[in-house]
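Undergrad: Here is my input; please provide its structure:
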Amino acid sequence: MTEVQGQRVLVVGLGRSGLAVARFLSRRGARVMVTDQRHPESFAAETRELMAQKIGLELGCHRESTFAGQDLIVVSPGVPADLPALEMARRKGIRIVPEIELASWFLEGPIVGITGTNGKTTTTALTGEILEASGLSVFVGGNIGVPLILAAEQSPPPSIMVAELSSFQLEMIGSFRAHVAVLLNLTPNHLDRHPTFQAYVRAKARIFENQTPQDHAILNADDPNVVELAGSIRSQKTFFSRQRELANGVFVAEGKLWYRVRHLERALMGVGDIRLRGGFNLENVLGAAAAACVLGADFGALRRAVREFRGVEHRLEFVREIAGVAFYNDSKATSVDAAAKALSTFERGVHLILGGKDKGAPYAPLRPLLKDRVREVLLIGAAADKIKRELAGAVDLFLAGTLEVAARRAFERARSGDTVLLSPACSSYDQFQNFEQRGRAFKQLVSVLAEEYNQGQIRPREVAKEDFHLRADRPPKTAAKAGVETEGQKAAARPTTADSEPELVETARAAWAATDSPAGVASAEMRASQPNDAGAVQRLARRAREPRELLYLYEVSAEEAAPAGDAGDGLELGPENLGEEPPAARASELLEDGVMAYEVRALSPRASQPGRSPRKSGGFPPAQRGA
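TA: Numbering: from 1, shown residues only. Next up is the predicted model:
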């Protein structure tokens, strides 16, 4: 077990993984501080909790002095590796690791790591189902939405961890090792973060970096970019293919999935046993089956798990049918390639919703799929103008601007037998907190449309073709006023259930309108990213370039960070001590202030003395290469 007690640890990024890491380390006696550039308004609940746990906070900025005074820095997936403060810390020799590496220090069982451009979530979830059906105790997490560090707190500990891994999580690993590493495919993606496609591939390929000959690599034999990496991999290689028979591996032949290795050949199941739509999902099943086979999964359990698997939320998820019009939520399709694969599963009559935050890849590869398959493309978000330019002439385009406008127009224009498909080919961060919130908002809007249809307020209709043409002069519907949290916004954060649907029908009409940006930009400016408001877009860009000021700071001394029950002069947050209005009480009030352009400090005099709390050496596993 790695010793972290008394170590000074900085957690960069206060998302799901950052919050989980901060809690984990604090419970083990580390002196934890969290830093995030986003506005403090985004973290009201988290701030109260972390201050109560004596965890330091720095919100609204990243100060280099904060990074310089640490023994260890743990980086959340959304934080760029070339952040200036991180570069400075590297020069000082401070160890920097991603959350998955920290988690691996505390995990005893083997890790199955699954990466690739597309299909990671489906393959991760299915692999977990197969192993669980085989009688194993399984933890499924990682980029799928459950931080890997949570596996270290389970009791009894899981026997095996299955983790979806993104390029953001892999690019900064040092000693992280996956016993089974799966690479599904590689196509251009995240070019807004990685400088080139080659840099993106290198980040993905790091999943194999620390493997030994006793480990396994699962590779897609049909992807030339994946095959090109095979020669540099030291572990045992198992290929899978849906296009050709393999001498060893998992493949499709004669309508069946086969597993062949050395003297063993076994039919795993028929292709017809797979409920998931599309050839790309067949590849996902092959990858999951290959990983399960090398781990010794029960073949009967493998077949049962695949037959019962209905997919994951937000990945080509069937929502419902209204008046013969089918709605599919593919919000997880945040790349052009993922959207293309989803679109290829439909033959005709598609009303395709595209757009969001652009990730740098071209949209032109969608053009061949649009003809005869798509009736219209409805464009939303900040990438709408770029998509409009690159797809002009291929299909009828409509600048919807928002998801609400797009979903409503698509239904009004659809015919019975048509499909409304949300498959954005972009990330969600211009209008939503993440792709999950975008997908939930879409499903809530579909519920609204269903209720309105049942009440006779709206119906799909036939229209003249000329009415489909792009009208850049028609503004989208007016958004909600900035700063006003609508009931729809509150509903957008809740999952849809049968019990909650009546409430969602009443509130989802404004579900998207007041969504806060994770970048901390005001709601009105997020709405201004619609392509018809060029002046507002320029104002938003100017604000993004402006220097950021220190908005909120709560520091904790070594004495205050003492574990609960220890003696010390720490800050007590009980109600009996609130008469002097300690920082915790002031922070609760400050979080209701939209400006907060000043500091809040909680420092004992001794904490600021030179020479206090010298950095300790040791205590962390040795890095196998520079962090």
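Undergrad: Let's verify the nearest residue to residue 253 once chain neighbours are set aside: helix, strand, or coil?
TA: What sits nearest to residue 253 in space, not counting adjacent residues and going by Cβ to Cβ, 6 or more residues apart in numbering, is residue 245, at 5.0 Å. Just so you know, the C-beta spots here come from the backbone N, C-alpha and C atoms, and that holds for glycine as well. The three-state label given to residue 245 by DSSP: H, G, I helix; E, B strand; the rest coil is coil.
Undergrad: What pLDDT does the model give residue 245?
TA: On pLDDT, residue 245 comes in at 94.
Undergrad: next one: the one 4 residues further on
TA: Per-residue pLDDT puts residue 249 at 96.
Undergrad: Now for it: which residues touch it?
TA: Taking Cβ atoms under 8 Å, 6 or more residues apart in numbering as the criterion, residue 249 is in contact with 221, 238, 239, 240, 241, 259, 260, 261, 290.
Undergrad: Just those: which are in strands?
TA: Mapping the contacts of residue 249 onto strands (DSSP state E) picks out 238, 239, 240, 241, 259, 260, 261.
Undergrad: Okay, now the unreliable bits of the stretch 501-627 of the chain?
TA: Applying pLDDT under 70 to the stretch 501-627 of the chain picks out residues 501-552, 554-627.
Undergrad: On the three-state scheme, the nearest residue to residue 177 once chain neighbours are set aside is what?
TA: Excluding the flanking residues, the one nearest residue 177 by Cβ to Cβ, 6+ apart is residue 210, at 4.1 Å. Of the three states, residue 210 takes coil under three-state DSSP.
Undergrad: And the residue nearest to residue 253, how close does it get to residue 388?
TA: 44 Å (Cβ to Cβ, to the nearest Å).
Undergrad: So if I had to pick from these two, which one is more boxed in?
TA: residue 388 (20 against 12; other Cβ atoms under 10 Å).
Undergrad: quick one: what helix or strand has that one in it?
TA: helix 384-391 (DSSP states H and E).
Undergrad: Centre of the chain to that helix, how far?
TA: In terms of Cα atoms, centre = their mean, to the nearest Å, the centre of helix 384-391 is set 25 Å apart from its chain centre.
Undergrad: which other helices and strands contact it?
TA: Under the contact criterion of 3 or more Cβ pairs under 8 Å, 6 or more residues apart in numbering; DSSP states H and E, helix 384-391 touches strand 350-355, strand 374-380, strand 396-401.
Undergrad: just the ones you listed: most buried one?
TA: strand 350-355 (a mean of 28; mean count of other Cβ atoms under 10 Å).
Undergrad: and that one, what other elements does it pack with?
TA: Secondary elements touching strand 350-355 (3+ Cβ pairs under 8 Å, 6+ apart): helix 336-343, strand 374-380, helix 384-391, helix 403-413, strand 419-422.
Undergrad: so which of those gets nearest residue 299?
TA: Of all the helices and strands packed on strand 350-355, it is helix 336-343 that lies closest to residue 299, at 28.1 Å by Cβ to Cβ.
Undergrad: tell me how far that closest one is from the chain's mean position?
TA: Offset of helix 336-343 from its chain centre (Cα atoms, centre = their mean): 18 Å.
Undergrad: Show me what counts as buried in that helix.
TA: 336, 337, 338, 339, 340, 341, 342, 343 (16 or more other Cβ atoms under 10 Å).
Undergrad: just the CA coordinates of the helix holding residue 388, formatted as PDB?
TA: C-alpha atoms of helix 384-391 as PDB (Å, rounded to 0.1, in the frame of the first residue of the first chain):
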ATOM      1  CA  ALA A 384     -22.400  25.100 -36.900                       C
ATOM      2  CA  ASP A 385     -20.700  27.500 -39.300                       C
ATOM      3  CA  LYS A 386     -17.800  25.200 -40.000                       C
ATOM      4  CA  ILE A 387     -20.100  22.200 -40.600                       C
ATOM      5  CA  LYS A 388     -22.300  24.400 -42.900                       C
ATOM      6  CA  ARG A 389     -19.200  25.300 -45.000                       C
ATOM      7  CA  GLU A 390     -17.900  21.700 -45.300                       C
ATOM      8  CA  LEU A 391     -21.300  20.000 -46.000                       C
END
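Undergrad: on that earlier part again, take the ones in strands among the contacts of residue 249 and write them to JSON lines, including neighbour count, distance to residue 327 and pLDDT.
TA: Shown next, in JSON lines, are the ones in strands among the contacts of residue 249 (neighbours: other Cβ atoms under 10 Å; distance: Cβ to Cβ, whole Å; pLDDT from 0 to 100):
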{"residue": "238", "neighbour count": "23", "distance to residue 327": "38", "pLDDT": "97"}
{"residue": "239", "neighbour count": "22", "distance to residue 327": "37", "pLDDT": "98"}
{"residue": "240", "neighbour count": "28", "distance to residue 327": "32", "pLDDT": "97"}
{"residue": "241", "neighbour count": "19", "distance to residue 327": "33", "pLDDT": "97"}
{"residue": "259", "neighbour count": "24", "distance to residue 327": "37", "pLDDT": "97"}
{"residue": "260", "neighbour count": "16", "distance to residue 327": "41", "pLDDT": "95"}
{"residue": "261", "neighbour count": "16", "distance to residue 327": "42", "pLDDT": "90"}
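Undergrad: ok, of these, which one's closest to residue 272?
TA: For those, the nearest to residue 272 is residue 259 (17.6 Å; Cβ to Cβ).
Undergrad: That closest one touches residue 289, doesn't it?
TA: Yes. Proximity of residue 259 to residue 289 meets the contact threshold set by Cβ atoms under 8 Å, at 7.0 Å.
Undergrad: Tell me if residue 101 really is in a helix.
TA: Yes. Under three-state DSSP, residue 101 sits within a helix.
Undergrad: Pull the contacting residues for the spatially closest residue to it that is not a sequence neighbour.
TA: Nearest residue to residue 101, sequence neighbours excluded (Cβ to Cβ, 6+ apart): residue 176, at 4.4 Å. Applying Cβ under 8 Å, 6+ apart, we find residue 176 in contact with 98, 100, 101, 104, 170, 210.
Undergrad: Buried ones among those?
TA: Judged by 16+ other Cβ under 10 Å, buried ones among the contacts of residue 176: 98, 100, 101, 104, 170, 210.
Undergrad: tell me, how many neighbours does residue 347 end up with?
TA: Residue 347, neighbours per other Cβ under 10 Å, totals 9.
Undergrad: what's the pLDDT at the closest residue to it other than its chain neighbours?
TA: Nearest residue to residue 347, sequence neighbours excluded (Cβ to Cβ, 6+ apart): residue 373, at 6.5 Å. Note for residue 373: predicted pLDDT of 92.
Undergrad: And for the one 3 residues further on?
TA: Confidence per residue is given as pLDDT, and for residue 376 that number is 96.
Undergrad: partner residues bridging it?
TA: residue 351, residue 396 (DSSP bridges).
Undergrad: of all the buried residues of helix 336-343, which comes closest to residue 227?
TA: Using Cβ to Cβ, the buried residues of helix 336-343 come closest to residue 227 at residue 337, 17.2 Å.
Undergrad: Residue 318 versus the closest one, what's the distance?
TA: From residue 337 to residue 318 the distance is 22 Å (Cβ to Cβ).
Undergrad: How about residue 206?
TA: Separation of residue 206 from residue 318 (Cβ to Cβ): 36 Å.
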